[in-house]
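Participant: Pasting a predicted model and its sequence here:
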Amino acid sequence: MPATAVTRGGTPYVPTYADSIDPKKCIGCGRCYKVCVRDVLTLVDRGEDDDMDEDDWDDEDAKAMMTVKNPGDCTGCGACGRTCPKDCFTFVSA
């Protein structure tokens with residue numbers, strides 16, 4: 001059963017949590033990293049991702065990409081997804 005939260009105004013909602021980042025879309029800009037206060041994300045060199053060829057990247061100049069390193073620490077605020085210029089994030093309910 002998904003977690004339920006309540007807004008300050010008392011409206012219930014189901015939070016969604018950062019689950020993954022599409023490595024083909026991520027440009028490694030770091031905007032999501034800057035807004036996350038829970039240490040959920042980390043920037044890695046593209047060379048560390050053995051599953052992708054340079055031809056698979058949307059932005060060939062991007063030498064790094066963001067990954068979800070601590071998904072269990074996500075509070076479901078959604079700031080990372082709102083600040084992402086490439087709509088890279090996938091969110092799930094708990």
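Facilitator: Thanks, I have it.
Participant: Which stretches in the chain count as strands?
Facilitator: Secondary structure of the chain (DSSP state E): strands at 5-6, 12-13, 16-21, 41-45, 64-68, 89-93.
Participant: what angle separates the fifth one from strand 16-21?
Facilitator: For the pair strand 64-68 and strand 16-21, the angle between their directions (axes from the mean of the first three to the mean of the last three Cα atoms, to 10 degrees) equals 140 degrees.
Participant: Can you give me the neighbour number for the nearest residue to residue 86 once chain neighbours are set aside?
Facilitator: If the residues on either side of it in the chain are set aside, residue 86 comes closest to residue 25, at 4.5 Å by Cβ to Cβ, 6 or more residues apart in numbering. The C-beta positions use only the backbone N, C-alpha and C, and glycine is treated the same way. Number of residues near residue 25 (other Cβ atoms under 10 Å) recorded here: 17.
Participant: Kindly report the same for residue 24.
Facilitator: 13.
Participant: And the pLDDT for it?
Facilitator: The per-residue pLDDT reported for residue 24 equals 92.
Participant: and if you look at residue 46?
Facilitator: 84.
Participant: if I look at it, how far off is residue 91?
Facilitator: Taking Cβ to Cβ, to the nearest Å as the measure, residue 46 and residue 91 are separated by 23 Å.
Participant: got it, and residue 10?
Facilitator: Distance from residue 10 to residue 91, by Cβ to Cβ: 23 Å.
Participant: Please say which of the two ends up with more neighbours.
Facilitator: More neighbours surround residue 91 than the other of residue 10 and residue 91, with 15 against 6 (other Cβ under 10 Å).
Participant: Could you tell me which residues make contact with residue 40?
Facilitator: Shown in contact with residue 40 (Cβ atoms under 8 Å, 6 or more residues apart in numbering): 18, 68-71, 73-74, 80.
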